[in-house]
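> Using only what follows, build the 3D model:
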Amino acid sequence: SSYRKHEWEKHGTCAATLQVLNSQKKYFGKALELYQHVDLNSCLLKAGIKPSSSYYQMSAIKEALTRFYGVMPKIQCLPPEEGEKAQTIGQIEFCFTKELQLRNCTALKGESNPMRADLKLGSEELSVCSDTLPTYYPSQV
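Here you go, the predicted model:
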């Protein structure tokens, strides 16, 4: 698919210098493995954050993720729609080192960052989530 081709060209080609990720099949296989390893839904559920049930504070979501994984993911949101007051989580991105260890996504700008376990909601305009707006966690991130 064109999405896969884009992801491969954007991130995978950087990863291709690593033995474990040097083919498209290996790259997406590994991403899937990392994705299952990350298992966001059950982590958030353990913190009492359930998809589609109510609004949450962004700080509570961040805290749950950081407590569980020991690293800070990058969380992006869709801004509130007209007349709404809540933002919606659109993407949660985990960052890995070249050794495929989880690391903070806020790490140094110059660092290369070949692996991302991405959860995406369409391709709408995502921006950094506001810490003050109530936050909706959709069931299909």
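> Direction included, what does the strand of greatest length in the chain pair up with?
Identified as the longest strand of the chain according to DSSP state E is strand 87-96. Paired strands of strand 87-96, with direction, are strand 74-78 (antiparallel), strand 102-103 (antiparallel), strand 116-120 (antiparallel), strand 134-136 (parallel) (DSSP bridges).
> The ones you listed: lowest mean pLDDT?
Note on these: lowest mean pLDDT is at strand 116-120, with a mean of 53.
> and the next element down the chain from that strand?
Proceeding N to C from strand 116-120, the next assigned helix or strand is strand 127-128, under DSSP states H and E.
> What is that next one packed up against?
The elements that strand 127-128 packs onto, with contact taken as 3 or more CB pairs under 8 Å, 6 or more residues apart in numbering; DSSP states H and E, are strand 74-78. For every residue, glycine as well, the C-beta is placed using N, CA and C.
> Distance from the chain centre to the longest strand of the chain, please.
Offset of strand 87-96 from its chain centre (CA atoms, centre = their mean, to the nearest Å): 3 Å.
> Return the set of buried residues in that strand.
87-92, 94-96 (16 or more other CB atoms under 10 Å).
> Show me how the chain divides into domains.
1-38, 51-106+124-140 (the TED database).
> Run a quick neighbour tally on the closest residue to residue 86 other than its chain neighbours.
Closest residue to residue 86 apart from its sequence neighbours, by CB to CB, 6 or more residues apart in numbering: residue 134 at 4.3 Å. Residue 134: 15 surrounding residues under other CB atoms under 10 Å.
> same question, the one 3 residues further on
For residue 137, the tally of surrounding residues (other CB under 10 Å) stands at 20.
> between the longest helix along the chain and strand 87-96, how big is the angle?
Ranked by residue count and defined by DSSP state H, the top helix of the chain is helix 24-38. Per axes from the mean of the first three to the mean of the last three CA atoms, to 10 degrees, the angle that helix 24-38 makes with strand 87-96 is 110 degrees.
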